[in-house]
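Q: A structural model of the following input is requested.
(chains A and B)
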Number of protein chains: 2
Amino acid sequence: MKELPAYVAQIEPGWIDYNGHLRDAYYCVVMSYAVDDMMEHLGLDAAYRESTHCTLYTVELHMHYLHEIKQTDRLTVSTSVLDSDRKRIHAGCEFLCPRIDGPAATAELMLLHVRQGEKPSVVPFPAEIDQRLASLRLSPESAAQRGVGSRKIELRRR
Amino acid sequence: MKELPAYVAQIEPGWIDYNGHLRDAYYCVVMSYAVDDMMEHLGLDAAYRESTHCTLYTVELHMHYLHEIKQTDRLTVSTSVLDSDRKRIHAGCEFLCPRIDGPAATAELMLLHVRQGEKPSVVPFPAEIDQRLASLRLSPESAAQRGVGSRKIELRRR
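A: Residues are numbered from 1 along each chain as shown, chains lettered A, B, ... in the order given. Below is the predicted model of the structure:
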């Protein structure tokens, strides 16, 4: 099972900006809740966080905005595990609207498994979570076939 | 004058997540309003948008999360013009808290000058905006000296 269930977003009226579309930052809010959903499916849920004091911290996020999203759009986010190791998850998100061909946005995140306390420390996943990650992880070929990937942002002179 | 005034964020209680710190996505919300401030200073304000139907669209965003931000933190965002051309702005943001040495986060954005209408089109900046951008643009050396820059997100095996 390589597929996590898609996250269905509820676009709030206050998320639409003066340009008449979803404000850039609210793509990130939607994604943040989609990642919470992924954590539930991995077993990194509230009960896990409470009993272990372990959680995920986002260390890096790269968003590509490909199409405008309107208040009336039905928006879902499909999340995949592009890669993982003992302490980290490299996740990918695709934003999908039935109105739009291809993704409306793509994103990548790097997430770190952290034990909270006076001084938070990075710790390995328990074996059970490791196994779930392994079962969800895309092959390098499938991961590479996803849409726009993370890269250095720069103005290339034409 | 290479310095835009810093944007002072108001951290809302609902922006703190189950980890007890500012949820990843709300760094993006804060940045989005800091960019609105930059637009005011460049002259891309509400009056400009209304009279020209032109505005900025965000096409790419890369955030590096370096420190946790708490509800009690005083948070400001310093925004710079890292680069620009006739139609695009490459902006950089640093998130600063007096409690934390160095930035709490850094971000880069690519912004596109768009004329809205039935079919939005990318158009050059007017000469006046071009001049303001030129006066704010950092030298390549200064831009390179900024903190963590955008890059490909990947798990490098250790």
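
Q: before we move on, which element is A:Glu141 in?
A: Assigned by DSSP states H and E, A:Glu141 falls within helix A:140-145.

Q: list the helices and strands that helix packs on?
A: strand A:76-84 (3 or more Cβ pairs under 8 Å, 6 or more residues apart in numbering or on different chains; DSSP states H and E). Using the backbone N, CA and C atoms, a C-beta is placed for each residue, glycine as well.

Q: Could I get the buried residue list for stretch A:13-20?
A: A:Trp15, A:Ile16, A:Asn19 (16 or more other Cβ atoms under 10 Å in any protein chain shown).

Q: tilt between whichever helix in chain A runs longest and helix B:24-42?
A: The residue-count maximum for a helix in chain A (DSSP state H) belongs to helix A:24-42. Interaxial angle, helix A:24-42 versus helix B:24-42 (axes from the mean of the first three to the mean of the last three Cα atoms, to 10 degrees): 170 degrees.

Q: now the very next helix or strand once past helix A:24-42: mean pLDDT?
A: Using DSSP H and E, the helix or strand that follows helix A:24-42 in sequence is helix A:46-52. For helix A:46-52, mean pLDDT rounds to 98.

Q: So which of the buried residues of stretch A:13-20 would count as near chain B as well?
A: With Cβ under 8 Å from any Cβ of the partner chain as the criterion, these include A:Asn19 near chain B.

Q: close enough to count as contact, A:Cys28 and B:Met31?
A: No: the criterion here is Cβ atoms under 8 Å, and A:Cys28 misses it with B:Met31 at 9.3 Å.

Q: can you list residues touching both of the two?
A: Residues touching both A:Cys28 and B:Met31 by Cβ atoms under 8 Å, 6 or more residues apart in numbering or on different chains: B:Leu61.

Q: which residue packs closest to A:His90, ignoring adjacent ones?
A: A:Asp83 (4.0 Å; Cβ to Cβ, 6 or more residues apart in numbering or on different chains).

Q: Spell out which residues sit in contact with that neighbour, please.
A: A:Ile89, A:His90, A:Arg137, A:Leu138, A:Pro140, A:Ala143, B:Glu154, B:Leu155.

Q: And what about the residue nearest to A:Met110 when sequence neighbours are not counted, helix, strand or coil?
A: Spatial nearest neighbour of A:Met110, chain neighbours left out: A:Glu60 (4.2 Å); criterion: Cβ to Cβ, 6+ apart. Classification of A:Glu60 using DSSP: H, G, I helix; E, B strand; the rest coil returns strand.

Q: Look up how far chain B lies from A:Thr106.
A: According to Cβ to the nearest Cβ, to the nearest Å, A:Thr106 and chain B sit 10 Å apart.

Q: Can you report how many residues neighbour that residue?
A: Neighbour count for A:Thr106, taken as other Cβ atoms under 10 Å in any protein chain shown: 20.
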